[in-house]
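S.K.: need coordinates for the below:
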Amino acid sequence: MSAVSTPDGATKAPPRAPRRTGAAATLVALGILASRLLGLVRQSLTARFLGGEGSFAADAFMSAFKIPNILQNMFGEGALSASFIPVYANLLEEDPKEAGHVAGAVLAMLALAVSVLVLMGVLLAPYLILVIAPGFTGERRELTIRLTRILFPGAGIFVLSAWCLGILNSHRKFFLSYAAPVLWNVAMIAALIGFGKHESQAALAVRLAWASVAGAGLQFLVQLPTVVRLVPSLRIGFDRANAHVRTVMRNFVPAFVSRGVVQISGYIDQWLSSFLPVGMPALMGYAQSVYVLPVSLFGMAVSAAKLPEMSSATGAEAERHTYLRGELDSGLRQIAFFVIPSAAAFLLLGDVIAAVLFQYGRFGRASTLFSWGILAGSAIGLLAGTLARLYSSTYYALRDTRTPLRFALVRVVLTTVLGYLFALPLPRALGIDPRWGAAGLTASAGVAGWVEFSLLRSRLNARIGVTGLAKRYVASLWISALLAGAAAYGVKLLVGMTAPHVILGGTVLGAFCVVYAVATFASGVPEARAVINRVRRLLP
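M.R.: So this is what the prediction gives:
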């Protein structure tokens, strides 16, 4: 491809033809799927041995576990992806040696920050509990403090893993970075299987915390050899004077807050849930592992695959905006096709999902029903929160981290205010069991998510042109999802909730998937045809 002359006589490369990101999104989704499925196995075993409603040990572990979980998601899926990948991916196209230099400088700064973070976390754990779970007292509080101190080193290792993720994604090595958490889950599953039947609930929670730290180390180490091979010019050292390093650092803080708003909202939910009856924080944690699954599988997969491509797009401003609109709209359609039926399933079939995954051992039917309420509440904002992730990635590709930050702060404020009202005063005013306040928390977060999504879309449309989903397309998906939900609900009534879990899940959820696929295919939804064609190619 020949160069293009500029007005001053210089030459530059012509706009790079965009790469197809469908295969990359599939690799991300496969890596996430492997990790998340094992995560569900881990949560199922945790529910079996630590219990749910009424278990102070489960509450303590879920609350302490929030720290590494929030940091992992905010760094790995957020701040570093938004601030580091756009700079590093662009340098790979222009100056690979400089890219290695910047990667080493960023790693050095992260390592220093991690050391300080871990030390402060261990020393200040008793005070952090006032922020994490202010409603905890007695044994529940003391165990949470102990678990927090154990888990903090793992949180630091997760931050270093996020740096590996940024390198691998920029080099289009998507599968390894998102499949690496498999080892983390395996370490915790091994601890649960090995000690679950022989330890008290409190002792098992401590074993599980140490297993989490060991798994975090494995997750980091498995990525490191590939990273070193991909960046032969990597030199670790401080260089704050470098312009590219300064750009990464300058964009880091706003990206950290805005991209991590889902995690911040989840933390606020957990904080407020500490004032609910014993066991509800644990149920919030179990349910969260389910409702973040479509966000991770579809929102994160599409966003992660498209961010490096959108960041390295070249050409005049009008050309770039046209390219961004096309990438954004195609990604929105892919996300909506899978997330809308997920929301419908949480709303109509949440009891089946919770029963199949968690209703074993010390996790009873009452816990299943409350988990259904939490999942139904999360369905309200599931689509908005997932689409907002892709909109935020588009802003980051434009090197704008501050606009998403402003709207993220709006969401956090709304989540806090509405969450308090829905979780605590509202159940009392309605005269219902205060445990249903957990469902109010996820519902209020959904309302705040729609506000953030609307703000992101409106501002971006004014900047690059009209984007979004066609109303007819959305209507087709919702009608298909509700038809599938009604059919599956009928199957549930026929089979009965007392049926073996394999039969219950296979028939009810299987019926839902089949009806949704047929309905969307009959409606002429292109994504349905593409999925069915892929399945046909896989069949013998």
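S.K.: outline the domain layout of this structure.
M.R.: 21-469, 470-540 (automatic domain parsing).
S.K.: quick check: which of these is buried the most?
M.R.: Greatest average neighbour count among those goes to domain 21-469 (a mean of 21), per mean count of other Cβ atoms under 10 Å. For every residue, glycine as well, the C-beta is placed using N, CA and C.
S.K.: CA atoms only: put stretch 509-521 into PDB for me.
M.R.: What follows is stretch 509-521, C-alpha atoms only, in PDB (Å, rounded to 0.1, in the frame of the first residue of the first chain):
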ATOM      1  CA  LEU A 509     -32.900 -23.800  30.200                       C
ATOM      2  CA  GLY A 510     -32.600 -26.000  27.100                       C
ATOM      3  CA  ALA A 511     -36.200 -25.100  26.100                       C
ATOM      4  CA  PHE A 512     -35.400 -21.400  26.600                       C
ATOM      5  CA  CYS A 513     -32.400 -21.500  24.400                       C
ATOM      6  CA  VAL A 514     -34.100 -23.500  21.600                       C
ATOM      7  CA  VAL A 515     -37.200 -21.300  21.500                       C
ATOM      8  CA  TYR A 516     -35.100 -18.100  21.500                       C
ATOM      9  CA  ALA A 517     -32.900 -19.300  18.700                       C
ATOM     10  CA  VAL A 518     -35.900 -20.400  16.600                       C
ATOM     11  CA  ALA A 519     -37.800 -17.100  17.300                       C
ATOM     12  CA  THR A 520     -35.000 -14.900  16.400                       C
ATOM     13  CA  PHE A 521     -34.100 -16.900  13.300                       C
END
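S.K.: what does it rub up against?
M.R.: 337, 341, 345, 349, 352-353, 356, 476-477, 479-481, 483-485, 487-488, 491, 527-529, 531-532 (Cβ atoms under 8 Å, 6 or more residues apart in numbering).
S.K.: one more time with 10 Å, if that's ok
M.R.: The contact list for stretch 509-521 (Cβ atoms under 10 Å, 6 or more residues apart in numbering) reads 337-338, 340-341, 344-345, 348-349, 352-353, 356, 476-477, 479-492, 494-495, 525-529, 531-532, 535.
S.K.: now intersect those residues with the helices, please.
M.R.: Among the contacts of stretch 509-521, the members found in helices (DSSP state H) are 337-338, 340-341, 344-345, 348-349, 352-353, 356, 476-477, 479-492, 494-495, 526-529, 531-532, 535.
S.K.: do you know how far the closest residue to residue 238 other than its chain neighbours is from residue 86?
M.R.: With Cβ to Cβ, 6 or more residues apart in numbering as the criterion, residue 238 has its nearest non-adjacent residue at 5.1 Å, and that residue is residue 108. Remark: distance between residue 108 and residue 86 (Cβ to Cβ, to the nearest Å) = 20 Å.
S.K.: ditto for residue 300
M.R.: Taking Cβ to Cβ, one finds residue 300 at 17 Å from residue 86.
S.K.: repeat that for residue 495.
M.R.: Taking Cβ to Cβ, one finds residue 495 at 50 Å from residue 86.
S.K.: what of residue 181?
M.R.: Distance, residue 181 to residue 86, by Cβ to Cβ: 24 Å.
S.K.: kindly report the same for residue 335.
M.R.: 21 Å.
S.K.: now residue 280, nearest residue through space, not along the chain?
M.R.: residue 438 (4.8 Å).
S.K.: quick one: contacts for the one you found?
M.R.: Here residue 438 is in contact with 269, 272-273, 276-277, 279-281, 283-284, 287, 370-371, 373-374, 377, 422-423, 427 (Cβ under 10 Å, 6+ apart).
S.K.: hmm, try it at 6 Å
M.R.: In this structure, residue 438 makes contact with 273, 280, 284, 374, judged by Cβ atoms under 6 Å, 6 or more residues apart in numbering.
S.K.: quick one: what helix or strand has it in it?
M.R.: Using DSSP states H and E, residue 438 maps to helix 437-464.
S.K.: what about that helix, average pLDDT?
M.R.: The average pLDDT within helix 437-464 is 93.
S.K.: do stretch 394-407 as well
M.R.: Mean predicted lDDT for stretch 394-407 stands at 85.
S.K.: same question, stretch 66-84
M.R.: 66.
S.K.: quick one: stretch 216-232 to chain centroid distance?
M.R.: 22 Å (Cα atoms, centre = their mean, to the nearest Å).
S.K.: I misspoke; the intended subject was stretch 455-469.
M.R.: With Cα atoms, centre = their mean, you get 23 Å for stretch 455-469.
S.K.: what's that stretch in contact with?
M.R.: 321, 324-325, 328-329, 332, 336, 388, 391, 407.
S.K.: how does it look with 8 Å?
M.R.: So stretch 455-469 is in contact with 321-322, 324-325, 328-329, 332-333, 336, 387-388, 391-392, 394-395, 398, 403-404, 407, 410, going by Cβ under 8 Å, 6+ apart.
S.K.: what does stretch 355-364 give?
M.R.: Against stretch 355-364 from outside (Cβ under 8 Å, 6+ apart): 40, 43-44, 47-53, 55, 286, 290, 365, 367-368, 371, 497, 501, 504-505, 509.
S.K.: hmm, back to that, state the distance from the residue nearest to residue 280 to residue 376.
M.R.: Applying Cβ to Cβ to residue 438 and residue 376 gives a distance of 11 Å.
S.K.: can you check residue 442 too?
M.R.: Residue 442 is 8 Å from residue 376, by Cβ to Cβ.
S.K.: any stretches of the protein with poor pLDDT?
M.R.: Scanning the chain for pLDDT under 70 picks out 1-29, 52-54, 67-79, 81-82, 255-267, 304-305, 308, 311-315, 534-535, 537-540.
S.K.: can you give me the strands in it?
M.R.: 4-5, 11-12 (DSSP state E).
S.K.: what's residue 424 in contact with, if anything?
M.R.: 272, 275, 434, 437.
S.K.: and those residues, which two are the farthest apart?
M.R.: 272 and 434 (12.1 Å; Cβ to Cβ).
S.K.: just to revisit the earlier point, gap between the residue nearest to residue 238 and residue 239?
M.R.: 8 Å.
S.K.: any idea how far the closest residue to residue 168 other than its chain neighbours is from residue 286?
M.R.: Spatial nearest neighbour of residue 168, excluding adjacent residues (Cβ to Cβ, 6+ apart): residue 177 at 4.2 Å. For residue 177, the distance to residue 286 equals 26 Å [Cβ to Cβ].
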